[in-house]
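Colleague: My questions are about this predicted structure, shown below with the sequence.
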Amino acid sequence: KAGVTQTPRYLIKTRGQQVTLSCSPISGHRSVSWYQQTPGQGLQFLFEYFSETQRNKGNFPGRFSGRQFSNSRSEMNVSTLELGDSALYLCASSLVAGPNTGELFFGEGSRLTVL
Amino acid sequence: DQQVKQNSPSLSVQEGRISILNCDYTNSMFDYFLWYKKYPAEGPTFLISISSIKDKNEDGRFTVFLNKSAKHLSLHIVPSQPGDSAVYFCAAENNNAGNMLTFGGGTRLMVKP
């Protein structure tokens, strides 16, 4: 079956702009979470959505937001981009969200460069 | 405050030998631990996991050991193969907090032929 699909794969923005990243989870998966990967901070949790509701949020400023649609597809948005937002943004899906959830299935990521 | 730490940024082993990757955590609320492998330009892929009620889980060449009292886990790969060369991430979660993984910084494993 198709894996987690993220679009776009690469994008370049300038400071102050905003960006929207998209994630299509594995068919049937209802939980979508987002992570930011940078060389200095590693993989950091951004937020998780389940059934269109945000269940958890990481320690990121309000410029980072997301949403999930009824078909489980998710988008994340970063407004007023800063140089430090340059990173690989990874989306992961899971069948459910709860005890013993186990593994997440990650997409290949969207690499954002802010100039 | 790094709740999950992988103190070795890199590890080099000979093909056929054992690779041991280590991970330490500080949050006693973590009750589920996972290892992910990541190749360049790809997303992390799940490798193996262990619940806090166990101290060992084995899957083929991969075994994860958990020492709760020491808040330490390790991944053993035996025998190591060149295709195992990748970055390995340790991750931890509190199962009651949903899919919110806390990752370590990763260890780059290089398996030499």
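Modeller: Happy to help now that I have it.
Colleague: From here on, just use CA atoms for contacts and neighbour counts.
Modeller: Fine.
Colleague: ranges for the strands of chain B?
Modeller: B:4-5, B:10-14, B:19-25, B:32-38, B:45-51, B:56-59, B:62-67, B:72-77, B:86-93, B:102-103, B:107-112 (DSSP state E).
Colleague: Which among those strands is found nearest to residue A:18?
Modeller: strand B:102-103 (26.7 Å; CA to CA).
Colleague: Any residue of that closest one touching chain A?
Modeller: Yes - Strand B:102-103 reaches chain A (CA under 8 Å from any CA of the partner chain) through B:102-103.
Colleague: Please convert the strands of chain B to TSV, extending it with mean neighbour count and mean pLDDT.
Modeller: What follows is the strands of chain B, written out as TSV (neighbours: other CA atoms under 10 Å in any protein chain shown; pLDDT from 0 to 100):
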stretch	mean neighbour count	mean pLDDT
strand B:4-5	21	95
strand B:10-14	15	97
strand B:19-25	22	98
strand B:32-38	22	94
strand B:45-51	20	93
strand B:56-59	14	96
strand B:62-67	19	98
strand B:72-77	20	98
strand B:86-93	25	94
strand B:102-103	24	93
strand B:107-112	20	97
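Colleague: Residues of chain B that sit close to chain A?
Modeller: B:32, B:34, B:41-46, B:49, B:95-106.
Colleague: repeat that for 6 Å
Modeller: With CA under 6 Å from any CA of the partner chain as the criterion, chain B meets chain A at residues B:42-44, B:95-96, B:98, B:103, B:105.
Colleague: on that earlier part again, of all the strands of chain B, which one comes closest to residue A:110?
Modeller: Per CA to CA, nearest to residue A:110 of the strands of chain B: strand B:32-38, 15.1 Å.
Colleague: starting at the chain centroid, how far to the closest one?
Modeller: Relative to the chain's own centre, strand B:32-38 is displaced by 5 Å; criterion: CA atoms, centre = their mean, to the nearest Å.
Colleague: which one is residue 43 nearest to, not counting chain neighbours?
Modeller: You didn't pick a chain, so chain A it is. Nearest non-adjacent residue to residue A:43, counting by CA to CA, 6 or more residues apart in numbering or on different chains: residue A:37, 4.3 Å away.
Colleague: ah, no, chain B please
Modeller: residue A:108 is the one closest to residue B:43 (CA to CA, 6+ apart), at 4.2 Å.
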